[in-house]
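Chemist: make a model of this:
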Amino acid sequence: MRIRATVAAVSGALALSALAVPGAHAADSGSASTYRADVAKVREAARAATSGKSAFRASAAAVDMPYDLDVTFSDIKVNKGKAIVVGATTHTVVPVTYKLTHPEDVDITAADFFSGPYLYKGTFGAADNEQFGDEAGTCVPTSSTVAACTANIDIYANEGYLINADAGTWNAAGLAVAYNGQVPQSDDFDVTKVGLADQGGFTSPKIQRLSKLTVNAAPEPVAKGKTITVTGKLTRADWETNKYVGLSGQSVVLQFRKAGTTTYTNVKGIKSTTGGALKTTVKASVDGYYRFSYAGIASTAASTATGDYIDVR
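Modeler: Residues are numbered from 1 along each chain as shown. This next block holds a predicted model:
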């Protein structure tokens, strides 16, 4: 879930609620699916102690916090280096691999040891927004002090995880928590006995808004040498309304593929107008397929329409 901070001093703490499990994905206490909520509680305690404030105590005089867990992350690779494209209503699952390094006295195979990656926008420790996985990562030891890990990050576009301004550059981070027998949902939870490692600064691909293109070539059939009018529309995901909205002022290329061939060639470039509308004309020559292609921008992914066949007689 998304959270926006309006005061810079507390933006990092507010972003922690991005870890909260949405109602549709919540599970019984103690299950693996409480990963987000449990980690959020530990991280909030750590950051509250740093800021001198706590969400769990009325007084800031004495603030408990987790101890520093001696675990480090490296080689975090998000979505195989490809841009993360999120639609208007989709659940986007982003695969991540990473390496976890630890001393031999840290038991990463313990039932209550969890690690996982996350994405953050803005400053590490005071992020504007963060994206986590529903579940912790899975790690396979490759030596007594190193493990190779895989995980997913789950982005739910229709549950407020993103706003349109979030499109663009993000960074990656890794966190690990050793609960050491402590149960976050219990009344006697002692966060000082819990270890936390939280490491940012890793490169991540952009998160982009999904774009869509339509195309229609008419009339059809058409006589050779006559005018063909090609129309269409360029739209992109609006993460705030969960709809697709027109995208104007964008460069789009009309392409053509002759019937019986497999390669499209560029015909001409045009710009989308109000509401993302596209319209241009060409002279009919041979049977084939017309389509529009959009290269994308930093905030919006590239897209290509399915070719529309025109019968020339």
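
Chemist: in the stretch 51-200 of the chain, which spans are strands?
Modeler: Listed in chain order, the strands of the stretch 51-200 of the chain (DSSP state E, counting those that start in this stretch) span 67-68, 72-78, 84-86, 91-101, 113-123, 126-132, 138-141, 146-156, 171-178, 195-203.

Chemist: and the helices in this structure?
Modeler: With DSSP state H applied, the chain shows helices at 11-15, 35-51, listed in chain order.

Chemist: worst average pLDDT in those helices?
Modeler: Within those, the stretch with the lowest mean pLDDT is helix 11-15, showing a mean of 42.

Chemist: list the contacts of Leu247.
Modeler: With contacts defined as CB atoms under 8 Å, 6 or more residues apart in numbering, Leu247 is in contact with 211, 234-236, 272, 276, 300. Quick note: C-beta positions are derived from backbone N, CA and C, even for glycine.

Chemist: pull out the buried members of those residues.
Modeler: Buried by 16 or more other CB atoms under 10 Å: 211, 234-236, 272, 276, 300, out of these.

Chemist: for Lys283, which of the strands of the stretch 51-200 of the chain is the nearest?
Modeler: Nearest to Lys283, of all those, is strand 84-86, at 35.7 Å by CB to CB.

Chemist: give the buried residues for stretch 285-303.
Modeler: Buried residues in stretch 285-303, defined by neighbour count with 16+ other CB under 10 Å: 287-294, 296-297, 299-301, 303.

Chemist: repeat that for stretch 113-127.
Modeler: Taking 16+ other CB under 10 Å as the neighbour-count basis, stretch 113-127 is seen to contain the buried residues 113-122, 126-127.

Chemist: same check on stretch 192-211?
Modeler: 194-200, 202, 204-211.

Chemist: which two among the buried residues of stretch 285-303 are spaced furthest apart?
Modeler: Asp287 and Ser299 (37.7 Å).

Chemist: give me the residues contacting stretch 254-269.
Modeler: So stretch 254-269 is in contact with 230, 251-253, 270, 280, 282, 286-293, 307, 309, going by CB under 8 Å, 6+ apart.

Chemist: can you do 6 Å?
Modeler: For stretch 254-269, contacts defined as CB atoms under 6 Å, 6 or more residues apart in numbering pick out 251, 253, 280, 286-291, 293.

Chemist: cool, stretch 173-188 as well?
Modeler: With contact meaning CB under 6 Å, 6+ apart, stretch 173-188 is reached by 29, 38-39, 41-42, 69, 71, 73, 98, 112-115, 117-118, 120, 189-190, 193-200.

Chemist: now do stretch 282-296
Modeler: With CB under 6 Å, 6+ apart as the test, stretch 282-296 has contacts from 213, 215, 217, 222, 224, 226, 228, 230, 232, 234, 252-253, 255-259, 278, 302-305, 307-309, 311-312.
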